[in-house]
Each structure stands twice: as C-alpha cells, then as structure tokens.
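K.L.:
Got a predicted model here, sequence first, then my questions.
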Amino acid sequence: MSAMETAPAAEGRTPLMTLAGVSQVFDTKAGPIHAVNQVDLSINPGEVLCLVGESGSGKTTAARMAAGLAKPTNGQVDFDGTDIWSMNRRDFSTFRRSVQYVHQDPYASLNPTRTVQQTLTAPLLKHGVVKGGKAAAARAAELLTKVDLTPPENFLTKYPHQLSGGQRQRASVARALTLDPKIIIADESTSMLDVSIRISVLAMLGRLRDDLGVGFLFITHDLAIAKYFGWHGKTAVMYLGRIVEFGPTPKIINAPTHPYTRALIDAIPEPDPDLTKTKGLGSLRSLEIPSLAHLPPGCSFHPRCPLFEGGLCDGVVPELVEIRSGQSAACHVVARDGADVLRPDPPAT
Ligand SMILES: Nc1ncnc2c1ncn2[C@@H]1O[C@H](COP(=O)(O)OP(=O)(O)OP(=O)(O)O)[C@@H](O)[C@H]1O
C-alpha cells in the first residue's frame, strides 16, 4: 500500500495536493540518477506533511515538483484534483499562487535591490489582491505583523542585507503569505538559523499553521524539528529517493517501523527524553551513504541496515506496505516479522 493510499482515503477527505508515482531523473557525469523514485504523497487542506531525510535523499527535488518548479520525469502532480502539467496558463498561475515555497536561504526569495515594502506590495498589486499603493502598503504592514516583524514601520523600508537572518526569513514568509496560499512548502526554512532564533521562527510558523489553516509541506533533515512542527500531521521519511516510512508523526517518532527511521531517531543529538527513551537499536553497519549513481541492489538501505539478511534484502526493492494502522514501511524484514524487531535493546546490566 502506498503512502498516498494510506493518507487521505482513511480520513475521507479529498487531498489538496497529490504526488502520484513521481520520479525525477537527472543526467549527471556519473550517469542518470533517480533523485526521486516513484514517490506517492498527499496533503489534505490545512494538514502538515513533514518530509524527513538526510542530505541528498531527494527532499528538495520532491518539493520542487510539488511546487510546480520542476516537471516530474514520471508520475503526476495533482492540485485540487487536476494534473498541474495539463492545466491551462491561467489555472497553472492560480496553482502557483496557491502553493508558495519558502527556501532555506531567504536571499533566494528576497530581491536584494527591493525594500521589504516593495517585495511585499509587488505581488499584491500584480495579482490584484489589493487596489492602489496605499492599500498594498497597509496589507504589507499587516503581513509583517503576522510574522512578528513589529512595529512594521521599522522593517518596511529595509533592504534584505539590513535584516538579520531570522528577520530575513520572517520577511520571506511574509512574502509567501501575500497571495493567501493554501500550501506553504517550507524547505529547511529554519536550518540556517541559530537555535534560539530557529525556535522563535518555528513558533511563528506554527501560529500561522494554526491561525490561517494553511497546509504545509515541511522539509527537514531533523526528526526533532518534524516532531515539534508536525506533531498533529504526518511524516514521510525519505532515503535515496524513495519514501521508506510514512505515518502520523507521533507514531513515526514513538514507534518507528523502519530501521532507517529508528537510526535517525537514535542519531538525534539533543537530550530529548521523549526521543531518547526508546534509543537502543545497534549502530548502523556503515555510515557511508551509497551513491545514487550506483545504488545497491534490492533495498538501497541494506548496506547500512542492522536488520540486513542476505538473499532477502539485496534482491528486490521493498514496497511500502502497511505495518500498523496508517503506518507503512518499505522493509522486507519488518514486513515479514513485524515492527517488534525494532524494539530497543534491553539496557546492559
Ligand atoms: N539539477 C540537478 N542535476 C543533477 N543532480 C541533481 C540536481 N538537483 C539535485 N540533484 C541531485 O539529486 C539528489 C537529491 O538532491 P536533493 O537536493 O533533492 O536532496 P535533499 O534531500 O533536498 O538534500 P539537501 O538537504 O542536501 O538539499 C542529490 O544527489 C543531488 O546532488
């Protein structure tokens, strides 16, 4: 069963966005690489979906396809029930307005030659959200208040280089809000910030999530951040281009069913008692991440996996199958033996 099948159908809601069997192949010097390989995901209105995985697992590539910034090599991206790549220009433009991307580096979305006010008023006026410069300036000030850049007069006249990293990221979130998006794709949006600033920006994003009812595709390499931001949502764990585990975030964090998720949880450095209480599965067999250009046969996690069984794991690629209600994993051993094989080792006596 795919992540897509387990997510919306069970709740009887129509997803706002669906990625169905999407793949992205890049031609590189080392040969073609599957940066994203047959990924199924969906986001319901107002829902948070966290996409978690190490660097290079394909999170950004998947997010760019979700945002319509890259066309999948295979598969389909639907928004409001329509394939985005078969939309006419007008519908595609409405879709692009509805799905806003907040980059890791706010400089990517803030024009260095524009003041914050110019950055915020340009899309408002261009898309006719408000009429006239005065109304646009007032709305820009409102948006700055929403992202805690207060009093707004102190920020409207500033250029991006005159803001701190946290303020720049807030301004870039305000820009994403100009067109009343239905989904915000936050791609490692807080990873470049210092810890205390990261927490306050995350808290601000959480307030927007709750107050505006906007959906989030929240991308992070850090399960602790997914836990914080996406507790009431779902989490998909990616490894080398594929989803290896999917389910409600509390289940993923408290009772993972894939050895890679287990390893990610064990690797969280913070002494978070909720996360570390279940720590214990032996260490990975290898810390080296295989190259996408030369993927190992069968399960691509097998060279690192503590549950590896020769002849089983190095044969065919495991499918994502439901292990517990609403929670699926792509692991031959867990599919056969159940998730109890991931129980922590008993403490040494
Ligand atoms: N335009 C491109 N051409 C060739 N290879 C690419 C391109 N974009 C991404 N890749 C490769 O695709 C793989 C997945 O990259 P992607 O950025 O999606 O991963 P990620 O999980 O977001 O990692 P990170 O957190 O480091 O950004 C990587 O091996 C990357 O080098």
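P.N.:
On my side now, so go ahead. Numbers count the residues shown, from 1 in each chain.
K.L.:
Just want the most central residue of this structure.
P.N.:
Nearest to the geometric centre of the chain sits Ile219, at 2.6 Å (CA atoms, centre = their mean).
K.L.:
Now the lengthiest helix in the chain: buried residues?
P.N.:
Taking DSSP state H as the assignment, the helix of the chain that covers the most residues is helix 195-212. If you call a residue buried by 16 or more other CB atoms under 10 Å, then helix 195-212 has these buried ones: 197-198, 201-202, 204-206, 208-209. Bear in mind the C-beta positions are built from the backbone N, C-alpha and C, glycine included.
K.L.:
coming back round to it: quick check: the gap between the residue nearest to the centre of the chain and the ligand.
P.N.:
Summarising the geometry, the distance separating Ile219 from the ligand, computed by CB to the nearest ligand atom, to the nearest Å, is 7 Å.
K.L.:
going forward can the numbers begin at 8, since that is how I track them
P.N.:
Let's use 8 as the start, then, which means that last one is Ile226.
K.L.:
and for the helix or strand encompassing that residue, what are the contacting residues?
P.N.:
With elements taken from DSSP states H and E, the one containing Ile226 is strand 222-227. Applying CB atoms under 8 Å, 6 or more residues apart in numbering, the contact partners of strand 222-227 are 23-24, 50-59, 66-67, 70, 73, 189-195, 198, 212, 216, 233, 236-237, 240.
K.L.:
buried subset of those residues?
P.N.:
Applying a neighbour-count criterion of 16+ other CB under 10 Å, the buried members of the contacts of strand 222-227 are 23-24, 50-51, 53-59, 66-67, 70, 73, 189-195, 212, 216, 233, 236-237, 240.
K.L.:
quick one: which of those sit in helices?
P.N.:
66-67, 70, 73, 212, 216, 233, 236-237.
K.L.:
Quick check: the two most widely separated of the residues you listed?
P.N.:
The widest separation within those, taken as CB to CB, falls between Thr67 and Arg216 and amounts to 20.8 Å.
K.L.:
which of the contacts of strand 222-227 are close to the ligand?
P.N.:
Contacts with the ligand are made by 66-67 out of those, judged by CB under 6 Å from any ligand atom.
K.L.:
So which of the contacts of strand 222-227 sit within strands?
P.N.:
Counted as lying in strands by DSSP state E, out of those, are 24, 50, 55-59, 190-194.
K.L.:
wait, which of these is closest to Asn118?
P.N.:
Proximity to Asn118 was ranked across those by CB to CB; first place goes to Asp194, at 18.6 Å.
K.L.:
so that closest one makes contact with His110?
P.N.:
Yes - using CB atoms under 8 Å, Asp194 is in contact with His110, at 5.8 Å.
K.L.:
Using CSV, write out every CA atom in stretch 45-59.
P.N.:
Backbone C-alpha positions of stretch 45-59 (Å, rounded to 0.1, in the frame of the first residue of the first chain) are rendered in CSV as follows:
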residue,chain,number,x,y,z
GLN,A,45,8.1,6.6,-7.6
VAL,A,46,7.1,8.8,-4.6
ASP,A,47,3.4,8.9,-3.6
LEU,A,48,2.4,11.7,-1.2
SER,A,49,-0.7,13.8,-0.5
ILE,A,50,-1.6,16.8,1.6
ASN,A,51,-5.1,17.5,2.8
PRO,A,52,-6.3,21.1,3.3
GLY,A,53,-4.7,22.5,6.4
GLU,A,54,-2.6,19.4,7.0
VAL,A,55,1.1,19.3,7.9
LEU,A,56,3.2,16.8,6.0
CYS,A,57,6.8,16.6,7.1
LEU,A,58,9.4,15.2,4.6
VAL,A,59,12.4,14.0,6.5
